[in-house]
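Q: Here you go, sequence then predicted model.
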Amino acid sequence: MTSTTSRHVPTPDGTAGPAISLRGAALSFGRRTLWQGLDLDIMPGEFFAVLGPNGSGKTSFLKVLLGLQPLDAGTATIDGRPITRGSRSLGYIPQQKSFPAETPLRARDLVGLGVDGHRWGLRLRGRAHRERVDGLLRDVGAESYADAPVGLLSGGEQQRLRAAQALATDPTVLLCDEPLLSLDLNHQQAVSSLINRQCHDRNSAVVFVTHEINPVIDYVDRVLYLADGRFRVGAPADVMTSEVLSDLYDSPVEVLHSNGRIVVVGLPDATTHHHESA
Ligand SMILES: Nc1ncnc2c1ncn2[C@@H]1O[C@H](COP(=O)(O)OP(=O)(O)OP(=O)(O)O)[C@@H](O)[C@H]1O
């Protein structure tokens, strides 16, 4: 957390309050509890990763923050206010889903919607608009297909446009659901570094759901690790340990470190997962 300026709502003493705050949060579906007793403050400029095996509740956690999923107990606020759907301070990179082939938008139109599509009042138009869109397309390496119909692009190409569109809004809270899926290594690095800049230079709080911490390990301030209805929150070095993961999975798990990467060995058989296996 390096930024000093804040676009977030200040606390009475003038310091920036948490961008996201959960108190006593609980969510269950039927008899399956995803989490309970979750107290959490995510600060402006914090890069916060959410990890856990398939079905552990990572996407559901984002849905709560998007106002699409009510909690069963507790409260959730963004910038000190109760969460409402479609808040303008939220940016969202959804889990990859293809656009239909006939979608009547070019790549640059999609990004352009992020630049001014949700705003009332003054809209960036003409040259300024075009330059902003071009800059975003360049940032995600999408200039070469800027004028192509989105429905005809590959999954990875579409995903880069979604990242550009979400960043275009300069959100105070950026929610990312597996944004690196189907990107090759170069573009994983480009997109994760862009998200990191939004976080640390623009002071956005980033919530980054991922199966694989290694591509963002240098950026992550804290992780929420969900498994089997339980969770652990802390710095990666404190959570990604053999002791903590063995406790969460209730089964011996070994965490190895190799060349700055984390390798998890011995996840329970039923766990369809994430991280690199040895
Ligand atoms: N609206 C719903 N009604 C009933 N069950 C649901 C609902 N939404 C999610 N679930 C269940 O809650 C669990 C958590 O789902 P969620 O999508 O949050 O997991 P996840 O950690 O994001 O998984 P993945 O890694 O596979 O994307 C799953 O078992 C899912 O079937």
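A: Structure's in. What do you need?
Q: For this structure, what lies in contact range of the ligand?
A: Proximity of the chain to the ligand is confined to Phe29, Leu34, Gly52, Asn54, Gly55, Ser56, Gly57, Lys58, Thr59, Ser60 under the rule CB under 6 Å from any ligand atom. In short, each C-beta sits where N, CA and C put it, glycine included.
Q: how deep is the closest residue to Glu254 other than its chain neighbours tucked in, by neighbour count?
A: Closest residue to Glu254 apart from its sequence neighbours, by CB to CB, 6 or more residues apart in numbering: Val265 at 4.4 Å. Per other CB atoms under 10 Å, the neighbour tally for Val265 reads 14.
Q: For ChimeraX, write a command that selects the buried ones of the residues of the chain next to the ligand.
A: To isolate in ChimeraX the members of those that are buried, counting by 16 or more other CB atoms under 10 Å, one can use:
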select :34,52,56,57,58,60
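Q: Which ones among the residues of the chain next to the ligand map onto helices?
A: Using DSSP state H, the subset of the residues of the chain next to the ligand located in helices is Lys58, Thr59, Ser60.
Q: For the second one, which residues are in contact?
A: If I follow you right, that is Thr59. Gln95, Asp177, Val209 (CB atoms under 8 Å, 6 or more residues apart in numbering).
Q: need the residues you listed in CSV with distance to Ala148, secondary structure and pLDDT, can you?
A: As requested, these are arranged in CSV below (distance: CB to CB, whole Å; DSSP: H, G, I helix; E, B strand; the rest coil; pLDDT from 0 to 100):
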residue, distance to Ala148, secondary structure, pLDDT
Gln95, 22, coil, 83
Asp177, 24, strand, 94
Val209, 28, strand, 96
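Q: Going along the chain, name the strands of the stretch 101-250 of the chain.
A: 173-177, 205-209, 222-227, 230-234 (DSSP state E, counting those that start in this stretch).
Q: the inter-axis angle of the second one versus strand 173-177?
A: Computed with axes from the mean of the first three to the mean of the last three CA atoms, to 10 degrees, the direction of strand 205-209 lies at 10 degrees from that of strand 173-177.
Q: The third one now?
A: Between the axis of strand 222-227 and that of strand 173-177 there is an angle of 40 degrees, by the same axes, to 10 degrees.
Q: List the contacts of strand 222-227.
A: Under the criterion CB under 8 Å, 6+ apart, residues 34-35, 40, 46, 48-53, 56-58, 61, 213, 231-236, 239-240, 244-245, 248-249 lie in contact with strand 222-227.
Q: Now the longest helix along the chain - C-alpha only, CSV.
A: Ordering each helix of the chain by length in residues (DSSP H) puts helix 185-200 first. Provided in CSV are the C-alpha atoms of helix 185-200 (Å, rounded to 0.1, in the frame of the first residue of the first chain):
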residue,chain,number,x,y,z
LEU,A,185,2.2,-15.7,-19.9
ASN,A,186,3.1,-12.4,-21.5
HIS,A,187,-0.5,-11.2,-21.3
GLN,A,188,-0.9,-12.5,-17.8
GLN,A,189,2.1,-10.3,-16.8
ALA,A,190,0.7,-7.3,-18.7
VAL,A,191,-2.8,-7.5,-17.3
SER,A,192,-1.7,-8.3,-13.7
SER,A,193,0.8,-5.4,-13.8
LEU,A,194,-2.0,-3.0,-15.0
ILE,A,195,-4.2,-4.1,-12.2
ASN,A,196,-1.4,-3.6,-9.8
ARG,A,197,-0.9,-0.1,-11.1
GLN,A,198,-4.5,0.7,-10.6
CYS,A,199,-4.2,-0.6,-7.1
HIS,A,200,-1.0,1.0,-6.0
